[in-house]
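In: let's see this in three dimensions:
(2 chains)
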Amino acid sequence: MAVLTQSRDIAFLKEQARIVRVEILKMLTQSGSGHTGGSLSAADIATALYFYKMRHRPDNPKWEERDRFILSKGHAAPLLYTVLALTGYFDKSLLGTLRKAGSPLQGHPSSKLLQGVEVSTGSLGQGLSIANGMALGLQLDNSASRVYCLLGDGEIQEGQVWEAAMTAGHYALDNICAIVDLNELQIDGRCEDVMKVMPVSAKWKAFNWHIFEIDGHNMEEIVNALDEAERIKGKPSVILANTIKGKGVSFFEGKAEYHGLAPTKEELEKALKELGEDGK
Amino acid sequence: MGSREEQSADKTQSFAGQAVATRDAYGAALVELGKRNEKVVVLDADLSGSTKTAKFAKAFPERFFNMGISEQDMVGTAGGLSLAGKIPFASTFAIFETGRAWEQIRQTVCYSHLNVKLVATHSGLTVGEDGASHQALEDVALMRVLPGMTVIVPSDGFETQQVIDAVAEYEGPVYVRLGRAKVPAVMPPDYKFQIGRAHIFNLGKDANIIADGIMVSAALQARETLLKEGIDAGVINMCTIKPLDTETLLKAANASGLIVTAEEHSVIGGLGGAVAEYLSENHPVVVKRIGTRDTFGGSGKPDELLKIYGLTADDIVKTIKSTLSR
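Out: Numbering: from 1, shown residues only, chains lettered A, B, ... in the order given. From the prediction side, this is the model:
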C-alpha cells in the first residue's frame, strides 16, 4: 500500500495530479461508465487537499483530529477514490472494481462501504449542509480540524446549497472551506444556457463568505488559497476555482458530453500519451 | 442553596398518569436529557416555540441551533453534527420534516445510517385549525419505507419521555411522531418502553385492536363499550411501527381472527399498512384499518375533525361490530 507523503512542493503536487488523472482515466475505462469530465476538472484541487493541505491519516481514517473532506459533487467519485488509494487508504488494485457489483467503489461514494469516505453523496446539493454540521460539532469540541467541501457549478443550482451558504454565514463557520469547481458545464450543456448560475462570486459574498477566485489548474494558486483560507477568521471561505471540464486530455476538454461518459480503450491510449504515460 | 439545586437537577419529572401533549413531554424530556448527556444537540426550523425545543434552547443555548425556515438544510446539518460525534435531535412540524426534507433524510441520513433523531410534532388531524397544509397524514409511510429507519409513535406523555431517552441511547436514524393536542395518560406507571416492543393491554377473543399515538386511548374506550355488549376485544399499543413487533402481532392474530388497526394517519403505508403487509404474508386473518382514507385533512377543532374523518372510539366499535356480524 502507498505511504502518504505530503508536501507543499509545487512540482511534487503537479506530478501527483498527473498520476491522479492517469488513474482516473484507467479506472473509468475499465469500468466502462462513470463521470470523466468533472473528475478531471477537480483533480488539481483534490490533489492539493490530500497531498498537501489536509491533516489526515490513511492508516486511521477515523482519527479524531483529521480535517474532513466532503465530495458534495458525488459524481466525481473516481477522483475521490483515486486520491484515497494513492494516499494509502486502500490498495490501488481496488480501483479496477469501480461500479462493479459488490465493490465498495460504488457509482457514487458510500461511507458505509468505503473507509475514508466521510459521508455518502451523489444526490447534489446536500454536502455543504453536512459540512456545516460537522463544523458546528467540531467548534463545540474546540477542535482545530477544518472541513473542506467540494461543489460543482451545476450543483449550486440546487436551493439547499444556498440554505447552507446562509447557515455557514450566519454561524460564522470559519473552520469551513468550500471549493466550487467552476467548469462551466453540466450534463445538458453549458451552465450559462441550462440555468444561469453566474455571477457566483457576488452570491457567496452576499451570504457573508470570504471569496477566493483562482485558476483551479494552477497548483500554486490552489495551495496559496487553501493556506490563506485557514487564516480567515469570523467567516467561512469559498474558493471559486475556474476550471476546464475534462482538463488534461485535449479531446475531453470543454466537452459537456464527457460529463458522464467513460473513455474507450482507444481514447484511453491517446489520453495516457498526452499525460506522458507512453508505453504503459 | 447548592444542595437544593442539585436535588432539582437530579429529580426527573415523570409524566406517568398525566394528561399532557406529547410535544410538551418532549420539551421537558430533552432538557433532562441535555443535563445528562453533553453530546445531545438540538436543531429546529423556526418552530421551537411550538415543538417545545425552545426549552432546551433556553437551558443549553450553545447546543441549540435554529436553522431558520430551511428543513432540508436542517436535516443535512444534523447529519454533519452526528458525524462530529454529537446526538442531534432535529425538530419541526411532521409534514415539513418528513415531506420537505425527505430526500435529505434518504440520502444523507439513512444511506449513511447516521445517528440523527428526527422528532416531529404537529402530526395528524389534531393539529386542528391550521388545516390540511399542516396536518401530516403521510409521514409514517414516508419514513417507514426508508432502509434502516426506526419509526416510533408514542401514545402519551409518559411514553414520549421514555422514547426520547431510548432513542438517544440507540445508534442510528429514528423518526419520532408527536402531536400538538393534549392527550390522556394511557400507559401504566410501571410501563417500560423498549424500541420494537409493543405493549399488550389485553388480548381479546373476538377482536384485537392494534393502535398507536392518540388512537391507543380511543382503542381503550372502544374496548370498554364492546365489553358491555359482550364482545371481547384486546388492545395493543404498537408504539414502534418499525421494526414492527411481529411476535406480539402474531399473538394477537392467534387470539382472534379479526385485527383492527387504528392510527391518526392515512391507512396507506402507515401502521395499518405495516400490519396488513405482515399478516397477509405470515398469518392471514381479517384486517380492518381505521385511519384517513386517501384524503387531506382540513380546518376545525381536533375532536370535531376526528369525528368527521372517522377516527373515534365509536368508529372502532362500529367497525368491529359490523365485521363480526358478517
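
In: torsion angles phi and psi at residue B:64?
Out: Note on residue B:64: its backbone torsions stand at phi -120, psi 130 [degrees, to the nearest 10].

In: secondary structure element for the closest residue to it other than its chain neighbours?
Out: Leaving out its chain neighbours, the residue that sits closest to residue B:64 by C-beta to C-beta, 6 or more residues apart in numbering or on different chains is residue B:57, at 3.9 Å. Where you see a C-beta, it was placed from the backbone N, CA and C, and this is true even at glycine. According to DSSP states H and E, residue B:57 maps onto helix B:54-59.

In: after that helix comes which helix or strand?
Out: strand B:64-66.

In: what about the strands in the stretch 51-200 of chain A?
Out: Using DSSP state E, counting those that start in this stretch, the strands assigned to the stretch 51-200 of chain A run over residues A:68-71, A:147-152, A:176-182, A:185-186, A:189-190.

In: what helices and strands are in contact with the second one?
Out: With contacts defined as 3 or more C-beta pairs under 8 Å, 6 or more residues apart in numbering or on different chains; DSSP states H and E, strand A:147-152 has these neighbours: strand A:68-71, helix A:127-140, strand A:176-182.

In: close to chain B: what parts of the stretch 151-280 of chain A are there?
Out: Counting by C-beta under 8 Å from any C-beta of the partner chain, the positions of the stretch 151-280 of chain A adjacent to chain B are A:159-160, A:163-164, A:166-167, A:170-171.

In: show me which of the residues you listed are buried.
Out: Using 16 or more other C-beta atoms under 10 Å in any protein chain shown as the burial test, those include A:160, A:163-164, A:166-167, A:171 as buried.

In: pretty sure residue B:321 sits in a helix.
Out: Yes: counting by DSSP: H, G, I helix; E, B strand; the rest coil, residue B:321 is located in a helix.

In: for the closest residue in space to it that isn't next to it in sequence, helix, strand, or coil?
Out: Nearest residue to residue B:321 in three dimensions, chain neighbours excluded: residue B:231, at 7.1 Å (C-beta to C-beta, 6+ apart). Secondary structure of residue B:231, reduced to three states by three-state DSSP: coil.

In: run a quick neighbour tally on residue B:281.
Out: If you count neighbours by other C-beta atoms under 10 Å in any protein chain shown, residue B:281 ends up with 8.

In: same check on residue B:60?
Out: By other C-beta under 10 Å, neighbour count at residue B:60 equals 17.

In: show me what contacts it?
Out: Contact partners of residue B:60, counting by C-beta atoms under 8 Å, 6 or more residues apart in numbering or on different chains, are B:31, B:34, B:42.

In: which positions in the strand or helix carrying residue A:221 come out as buried?
Out: Assigned by DSSP H and E, residue A:221 belongs to helix A:219-231. Neighbour-count burial for helix A:219-231 flags A:219, A:221-223, A:225-226, A:229 (criterion: 16+ other C-beta under 10 Å).

In: again, but for stretch A:114-122
Out: A:114, A:116-122.

In: let me see the contact set for residue A:141.
Out: Residue A:141 neighbours (C-beta under 8 Å, 6+ apart): B:84-85.

In: rewinding a little: any chance of JSON lines for the helices and strands packed on strand A:147-152, columns mean pLDDT and mean neighbour count?
Out: Output for the helices and strands packed on strand A:147-152, formatted as JSON lines (pLDDT from 0 to 100; neighbours: other C-beta atoms under 10 Å in any protein chain shown):
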{"stretch": "strand A:68-71", "mean pLDDT": "98", "mean neighbour count": "26"}
{"stretch": "helix A:127-140", "mean pLDDT": "98", "mean neighbour count": "29"}
{"stretch": "strand A:176-182", "mean pLDDT": "98", "mean neighbour count": "29"}
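
In: just send these back as a markdown table, with distance to residue B:62 too.
Out: What follows is the helices and strands packed on strand A:147-152, written out as a markdown table (distance: least, C-beta to C-beta, whole Å):
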| stretch | distance to residue B:62 |
| --- | --- |
| strand A:68-71 | 21 |
| helix A:127-140 | 7 |
| strand A:176-182 | 18 |
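
In: which residue sits closest to the residue in the stretch 101-250 of chain A that chain B sits nearest to in space, ignoring its chain neighbours?
Out: In the stretch 101-250 of chain A, no residue comes nearer to chain B than residue A:133, which is 2.0 Å away by C-beta to the nearest C-beta. In this structure, residue A:133 finds its nearest non-sequential neighbour in residue B:80, 2.0 Å apart by C-beta to C-beta, 6+ apart.

In: tally of neighbours for residue A:250?
Out: Residue A:250 has 11 nearby residues by other C-beta under 10 Å.

In: actually residue B:124, not the one I wrote
Out: 32.

In: before we move on, what about the one 10 residues further on?
Out: By the measure other C-beta under 10 Å, the count of residues near residue B:134 is 18.

In: which residues touch residue B:92?
Out: Residue B:92 neighbours (C-beta under 8 Å, 6+ apart): B:44-47, B:51, B:71, B:74, B:120-121.

In: quick revisit: ramachandran angles for the residue nearest to residue B:321?
Out: According to degrees, to the nearest 10, residue B:231 has phi -100, psi 130.

In: hang on, isn't it packed against residue B:318?
Out: No: counting by C-beta atoms under 8 Å, residue B:231 stays clear of residue B:318, with 11.8 Å between them.

In: so which of the two has more stuff around it?
Out: Taking other C-beta under 10 Å, residue B:231 and residue B:318 do not tie; residue B:231 has more neighbours (18 against 14).

In: show me what the helix holding residue A:221 is packed against.
Out: With contacts taken as 3+ C-beta pairs under 8 Å, 6+ apart, helix A:219-231 sits against helix A:10-31, helix A:43-48, strand A:176-182, strand A:210-215, strand A:237-242.

In: and the contacts of it?
Out: A:8, A:10, A:13-14, A:17, A:44-45, A:47-49, A:52-53, A:146, A:177, A:210, A:212, A:214-216, A:237, A:239, A:241.

In: returning to that earlier point: top of the contacts of residue B:60 by neighbour count?
Out: residue B:42 leads those on contacts (other C-beta under 10 Å) with 31 neighbours.

In: is it within a helix or a strand, and which one?
Out: Per DSSP H and E: strand B:40-44 holds residue B:42.

In: got the residues of chain B near chain A?
Out: Checking chain B against chain A by C-beta under 8 Å from any C-beta, the hits are B:41, B:62-63, B:65, B:67-68, B:70, B:72-86, B:88, B:103-104, B:107-108, B:111-114.

In: ok, residue B:219 to chain A distance?
Out: Between residue B:219 and chain A the distance is 39 Å, computed by C-beta to the nearest C-beta, to the nearest Å.

In: any low-confidence regions in the stretch 1-150 of chain A?
Out: For the stretch 1-150 of chain A, the stretches flagged by pLDDT under 70 are A:1-3.

In: residues from it in reach of chain B?
Out: Counting by C-beta under 8 Å from any C-beta, the stretch 1-150 of chain A sits next to chain B at A:68, A:110-112, A:118-123, A:126-138, A:140-141.
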